[in-house]
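# Sequence plus the predicted model coming up.
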Amino acid sequence: MTAFDKDKFKSCVDWYHANLDSLLPLYCGKYVACTENGVVASGGTMLLAAENAIDCGYPQGTFAVHKCLPPDQEEVSYFHTPRVDFSKSCL
């Protein structure tokens with residue numbers, strides 16, 4: 001597993017928010033996995049989008065997954081612990 005890089009993660013989140021207007025027509029209602037350079041995978045669930053990104057060669061911690069929704073419908077979850085692991089091995 002790749003070590004978590006807070007600055008890289010922030011750049012992934014920033015890219016998503018900066019490009020949301022162009023993403024909505026393509027991905028509205030779907031989950032997208034984004035790097036600081038663009039969407040690398042998508043899926044109908046958060047897990048599927050993450051698995052697709054990993055299958056495309058993006059290690060955990062190198063992308064952020066968002067549910068692509070207009071800002072007024074956005075759902076946000078914050079996890080404030082280094083012990084949360086959303087990898088397949090935890091399922």
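That came in fine, so what should we check first?
# ok, and the helix or strand in this structure with the lowest average confidence?
helix 6-18 (a mean of 90; mean pLDDT, DSSP states H and E).
# and the nearest residue to residue 64 once chain neighbours are set aside, how many residues sit next to it?
Distances taken as C-beta to C-beta, 6 or more residues apart in numbering place residue 12 nearest to residue 64, at 3.9 Å, with adjacent residues excluded. Where C-beta positions appear, they are placed from N, C-alpha and C, glycine not excepted. Residues near residue 12, counting by other C-beta atoms under 10 Å, number 23.
# Distance check, residue 12 against residue 72.
Residue 12 sits 22 Å away from residue 72, taking C-beta to C-beta, to the nearest Å as the criterion.
# which intervals of this protein have sub-threshold pLDDT?
Along the chain, the model assigns pLDDT under 70 to residues 1-4, 75-91.
# Spatially central residue for it, please.
residue 65 (1.3 Å; C-alpha atoms, centre = their mean).
# Which helix or strand contains that residue?
Per DSSP states H and E, residue 65 falls inside strand 64-67.
# before we move on, what about residue 52?
Residue-wise, residue 52 maps onto helix 46-55 under DSSP H and E.
# in that helix, what counts as buried?
Neighbour counts using 16 or more other C-beta atoms under 10 Å place 48-54 of helix 46-55 among the buried residues.
# show me what contacts residue 34?
12-13, 15-16, 40, 63-66 (C-beta atoms under 8 Å, 6 or more residues apart in numbering).
# make it 10 Å
Residues near residue 34 by C-beta atoms under 10 Å, 6 or more residues apart in numbering: 11-17, 19, 23, 40-42, 49, 53, 58, 63-66, 68.
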